[in-house]
Each structure stands twice: as C-alpha cells, then as structure tokens.
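Peer 1: Structure, please.
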Amino acid sequence: MLFLMIAILLLLVAQGSFLFTRYLAEESGDERPLLGEAAPAELTDEEIEARGWISAETLKRYAEEYNINTEFLSRI
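Peer 2: Residues are numbered from 1 along each chain as shown. I've put the predicted structure just below:
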C-alpha cells in the first residue's frame with residue numbers, strides 16, 4: 001500500500017513538473033521542442049527524396065495534373 005502511494009505521488013510530481021515546463025515555454029513564446037532538441041532545418045529536395053517523401057512543389061504538380069481538390073490537399 002505504501003509503495004502504491006509513493007508511486008502515485010511520484011507520477012503526480014512528474015506530471016506537475018511537465019505541465020509547469022510547458023506553461024513556462026508557452027509564456028516565454030518559446031517554439032522549440034521541450035526536450036532541448038534543435039528545431040528541424042529546411043530539407044533540400046535531395047533529402048526529401050532520400051526519405052521517400054515528396055516535396056510541396058511535386059505535390060502541387062500532382063494536384064494540377066490529376067485535378068485533386070485543393071481543400072483535400074490543405075488537410076494533408
């Protein structure tokens with residue numbers, strides 16, 4: 001029973017500290033990820049293709065070529 005109470009207390013402290021850091025990040029206007037990772041840089045077309053993705057320009061070209069609804073594309 002004591003172990004369960006300690007575990008719940010630890011979880012509440014962890015959640016509280018997480019929410020507090022989120023609050024501080026939002027108040028300061030910080031747009032960076034919380035774990036201290038750098039924001040992702042712009043990828044080149046070669047890097048996009050190497051990951052198996054398609055670029056925005058290619059997506060627009062496909063939309064025009066195949067008459068895809070722009071509202072559908074904006075949701076993607």
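Peer 1: Show me what counts as buried in the longest helix belonging to the chain.
Peer 2: With secondary structure taken from DSSP state H, the chain has its longest helix at helix 2-28. Buried positions in helix 2-28, judged by neighbour count with 16 or more other C-beta atoms under 10 Å: none. Where C-beta positions appear, they are placed from N, C-alpha and C, glycine not excepted.
Peer 1: can you give me the offset of that helix from its chain's centre?
Peer 2: Chain-centre distance of helix 2-28: 21 Å, with C-alpha atoms, centre = their mean, to the nearest Å.
Peer 1: after that helix, next one along is what?
Peer 2: Going down the chain from helix 2-28, the next helix or strand is helix 45-50, by DSSP states H and E.
Peer 1: which regions of this protein sit below the pLDDT cut-off?
Peer 2: Low-confidence segments of the chain (pLDDT under 70): 29-40, 73, 76.
Peer 1: One more pass at 90, please.
Peer 2: Applying pLDDT under 90 to the chain flags residues 1-2, 19-76.
Peer 1: With only the CA atoms kept, save the helix or strand encompassing R61 in PDB.
Peer 2: Using DSSP H and E, the element containing R61 is helix 56-66. Extracted in PDB, the C-alpha atoms of helix 56-66 (Å, rounded to 0.1, in the frame of the first residue of the first chain):
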ATOM      1  CA  ALA A  56       5.500  20.600 -51.900                       C
ATOM      2  CA  GLU A  57       6.100  21.500 -55.500                       C
ATOM      3  CA  THR A  58       5.800  17.900 -56.600                       C
ATOM      4  CA  LEU A  59       2.500  17.600 -54.600                       C
ATOM      5  CA  LYS A  60       1.200  20.800 -56.300                       C
ATOM      6  CA  ARG A  61       2.100  19.500 -59.700                       C
ATOM      7  CA  TYR A  62       0.300  16.200 -59.000                       C
ATOM      8  CA  ALA A  63      -2.700  18.100 -57.800                       C
ATOM      9  CA  GLU A  64      -2.900  20.100 -61.000                       C
ATOM     10  CA  GLU A  65      -2.200  17.000 -63.200                       C
ATOM     11  CA  TYR A  66      -4.800  14.800 -61.500                       C
END
